[in-house]
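Engineer: Sequence first, predicted model second:
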Amino acid sequence: MEQSESHVEIAKRLIETFRSLAVNFPEHAQSNIDLLKKTLASPQKSQILISVLIGFALLFQVFLKFRQVRTHKRSRFLESPGFPLPEILDDFNWATQEPLQLRPFKPKYHLTMALESLNPSELILMDKTYKERMQYRRKILKEHRETVIAMFDESDPRIIAAVKELYRYIMSTYLPVRYPTMFRLHETAFETGKAYMLENLVLNELYPSEVTELTSPMRALEILYKTIDEDYLILLPEKSNDDDDISAANVKYRLVAYETCYPAGFNPREKLGKLLADIHGPVPGYQEKLEKSMDRHFANIEVGKYVKRANWSMSTNTELFAAFGGLHSSANETKVEDKIKEGTLDVDSTFLRCERQTLHRLPTSRAIVFGFHTYTYPIKQIKEEGSGQDLATAIDGLKEGSVPKIYGYKRGAVWGDAVKAYLRS
């Protein structure tokens, strides 16, 4: 009489079977499938197989977690409570990385939020323009410091807490983990105790990784401005005497701090301290079509949820820094710009200007951070790549969408015909 196998023996044989499957499956697919069917034929073996698989799954999860921790420990960093650890780009070469190519224009323009999910690891993008952009940002900082960096109230503990939280995450966690070939965290010892400094390997600079008594929040905003090619607006929910729940539908958000080098046709200093609706006041159709959904989305955005969107405009003879006009028009302007005649467009100074915008909530302070990375693409490039007709159609579509007045707001009356003529020539 044949003696039945013990559970241990069956489990060992099942493990060996799966090892064989893993190694040889592609080469002997059909025979391996038949072997698996035969193994599953016995109820006893099937039950043990399920237990083995569950055990394998748990061990595999532990292995992945262990490997992730070991990988992150290669690059020193400080954890930021509530924030996700970004994926490491071990061999990233910023000097050869091409800039992101955005083409967000569509046949008809509709004023919507058009949000997409964002991988938290991709919060900040780096490319080969980094060093050049950092030089430009410093030039603008020197010329327009009060315009590009500001806090609504430098003594407000809520604002200070938000700035500190954003600064620590970027300087202590995100940059040294995500881009170890560009940034390195160093442990140092001062008279006040242990501290950490972030080294910018590209610019050969060293900055504190956290905001302390020796680093004011305004100084922290300046360091962010000089370290990453990203503009950040920090907004806090209005506190209500009756309801402190920031998820309430009636909560409004106020701009309380920022660092921004590339304002798109507006002076950010004039927006400081204003509510979201007032900041977007000049945008045609905002109050009717976007205000309620924007406020509702800001109130409901959860910690850990990152989103992005993109917009576009045309820039003619305008710098990246455009705080004092040149990109948008408003009803308050008294100067009427001359229309650019067809055939007279200065092609070398005409660019498609796009913003990659990101949005997320800070876990502790509960502030909302609006991020902007501005890209410009020569109109020549758009035409040569074959996108000229699509852009020309989109320019016409500004007048045919949900808010026809957006055509005038984007100064389409000034450059529209000349740009379309060039793109279609």
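Structural biologist: All right, it came through fine.
Engineer: Just give the closest residue to the residue nearest to the spatial centre of the chain, not the sequence neighbours.
Structural biologist: Nearest to the geometric centre of the chain sits residue 123, at 3.4 Å (C-alpha atoms, centre = their mean). Spatial nearest neighbour of residue 123, chain neighbours left out: residue 358 (6.0 Å); criterion: C-beta to C-beta, 6 or more residues apart in numbering. Just so you know, the C-beta spots here come from the backbone N, C-alpha and C atoms, and that holds for glycine as well.
Engineer: mind checking the SS state of that neighbour?
Structural biologist: Taking DSSP: H, G, I helix; E, B strand; the rest coil as the rule, one finds residue 358 in the strand state.
Engineer: so what's it up against?
Structural biologist: Neighbouring residues of residue 358 by C-beta atoms under 8 Å, 6 or more residues apart in numbering: 118, 123, 306-308, 369-373.
Engineer: Of those, which belong to strands?
Structural biologist: Among those, the residues falling in strands (DSSP state E) are 307-308, 369-373.
Engineer: Can I take it that residue 311 is in a strand?
Structural biologist: Yes: counting by three-state DSSP, residue 311 is found in a strand.
Engineer: Hmm, it is touching residue 355, no?
Structural biologist: Yes: with contact defined as C-beta atoms under 8 Å, residue 311 counts as touching residue 355 (5.3 Å).
Engineer: Residue 133 against residue 227, yeah?
Structural biologist: No: if you go by C-beta under 8 Å, residue 133 and residue 227 don't touch, sitting 11.4 Å apart.
Engineer: which sections of the stretch 201-350 of the chain are below the confidence cut-off?
Structural biologist: For the stretch 201-350 of the chain, residues meeting the criterion pLDDT under 70 lie at 239-249, 330-335.
Engineer: any idea where the helices of it begin and end?
Structural biologist: 217-227, 268-271, 276-279, 286-289, 291-300 (DSSP state H, counting those that start in this stretch).
Engineer: how about the fourth one: buried residues?
Structural biologist: Buried positions in helix 286-289, judged by neighbour count with 16 or more other C-beta atoms under 10 Å: 286, 289.
Engineer: which residues make contact with stretch 376-386 from outside it?
Structural biologist: So stretch 376-386 is contacted by 101, 315, 320, 345, 347-348, 350-354, 388, 391, 419, 422-423 (C-beta under 8 Å, 6+ apart).
Engineer: In PyMOL, select just the buried ones from these.
Structural biologist: Buried subset of the contacts of stretch 376-386, written as a PyMOL selection, criterion 16+ other C-beta under 10 Å:
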select buried, resi 315+320+345+350+351+352+353+354+388+391+419+422+423
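Engineer: closest to residue 290 among the contacts of stretch 376-386?
Structural biologist: residue 354 (19.2 Å; C-beta to C-beta).
Engineer: Where does the closest one fall, secondary structure wise?
Structural biologist: strand 350-361 (DSSP states H and E).
Engineer: Please provide the alpha-carbon coordinates for that strand, formatted as PDB.
Structural biologist: The C-alpha coordinates for strand 350-361 follow below in PDB (Å, rounded to 0.1, in the frame of the first residue of the first chain):
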ATOM      1  CA  THR A 350       8.200  84.600 -30.300                       C
ATOM      2  CA  PHE A 351       7.600  81.600 -28.100                       C
ATOM      3  CA  LEU A 352       5.000  79.200 -27.000                       C
ATOM      4  CA  ARG A 353       4.900  79.500 -23.200                       C
ATOM      5  CA  CYS A 354       3.600  76.600 -21.100                       C
ATOM      6  CA  GLU A 355       3.300  76.100 -17.400                       C
ATOM      7  CA  ARG A 356       3.400  72.700 -15.800                       C
ATOM      8  CA  GLN A 357       1.400  73.300 -12.600                       C
ATOM      9  CA  THR A 358       1.400  71.000  -9.600                       C
ATOM     10  CA  LEU A 359      -0.800  70.900  -6.600                       C
ATOM     11  CA  HIS A 360      -0.600  69.100  -3.200                       C
ATOM     12  CA  ARG A 361      -1.300  69.600   0.500                       C
END
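Engineer: shouldn't residue 322 be in contact with residue 260?
Structural biologist: No: the criterion here is C-beta under 8 Å, and residue 322 misses it with residue 260 at 11.0 Å.
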